[in-house]
Structures are given as C-alpha cells and as structure tokens.
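Enquirer: Structure here, sequence nowhere to be found:
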C-alpha cells in the first residue's frame, strides 16, 4: 500500500507517529479549553 504512494515503510511509521502526537496534543488542548469554558476557571 505505502509503495504505491512512493513512501517507504520507515517513513510511513515516522509520519504516523508524528500524526498521532499532533492529534493527541490537539485533543488535549480542546478538552482543556472546553473545561475552562464550562467551569469558568483555569486548570
């Protein structure tokens, strides 16, 4: 599958790990913001 896109296995793994951390960071920020809005106080 990755070879069709011209991406080697190692590169694909690095991209997926980076994507995982970006999503994790974004979700954490979103939850923190929602918590602050709902409760009106900072964590």
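Expert: Arrived safely. Because the structure is a prediction, the values reported are computed rather than measured.
Enquirer: How much space separates the most centrally placed residue in the chain from residue 33?
Expert: The geometric centre of the chain, computed from its C-alpha atoms, lies nearest to residue 23 (C-alpha atoms, centre = their mean), at 1.3 Å. Between residue 23 and residue 33 the computed distance is 16 Å (C-beta to C-beta, to the nearest Å). C-beta: built from backbone N, CA, C; applies to glycine.
Enquirer: three-state assignment of the residue nearest to the centre of the chain?
Expert: What DSSP: H, G, I helix; E, B strand; the rest coil gives for residue 23 is helix.
Enquirer: Output the below-cut-off pLDDT ranges for the chain.
Expert: For the chain, the stretches with pLDDT under 70 are 1-2, 42-43.
Enquirer: make it 90
Expert: 1-13, 15, 30, 32-43 (pLDDT under 90).
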